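A.B. asks: Prediction below, plus the sequence it came from.
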Amino acid sequence: EVIVWGNVNCGETLVSGNLEDVVREVTDNIYGAAPFCGYIFGSSNTLHMGVKPENVRVMIETYMHIRSYPLKRLVGV
């Protein structure tokens with residue numbers, strides 16, 4: 001079995017991305033890996049002083065929303 005550690009880019013998306021960029025990256029990471037293997041969600045490295053607090057909030061809220069759905073059904077696996 002494989003476990004994938006998904007990443008939301010802490011050097012670009014969480015620093016200079018808009019809220020839609022954050023939602024898109026979280027969604028792409030989760031739907032790209034979670035239905036097929038173990039998955040650990042997080043930022044690409046750390047939450048440093050340069051990240052926008054609102055981007056971190058949206059990252060977590062999006063993850064919490066998506067994880068409540070049966071991913072395999074959503075992607076047709």
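C.D. replies: Alright, I've got the coordinates.

A.B. asks: May I see the buried residues of stretch 53-72?
C.D. replies: For stretch 53-72, the buried set under the neighbour-count rule, 16 or more other C-beta atoms under 10 Å, comprises 55, 56, 58, 59, 62, 63, 66, 71. C-beta here means a position set from N, CA and C on the backbone, and glycine is covered the same way.

A.B. asks: Which ones among those map onto helices?
C.D. replies: 55, 56, 58, 59, 62, 63, 66, 71 (DSSP state H).

A.B. asks: can you tell me how far the residue lying closest to residue 19 once chain neighbours are set aside sits from residue 18?
C.D. replies: Nearest residue to residue 19, sequence neighbours excluded (C-beta to C-beta, 6 or more residues apart in numbering): residue 58, at 5.1 Å. With distances taken as C-beta to C-beta, to the nearest Å, residue 58 is found 10 Å from residue 18.

A.B. asks: try residue 5
C.D. replies: 25 Å.

A.B. asks: again, but for residue 29
C.D. replies: Taking C-beta to C-beta, one finds residue 29 at 17 Å from residue 18.
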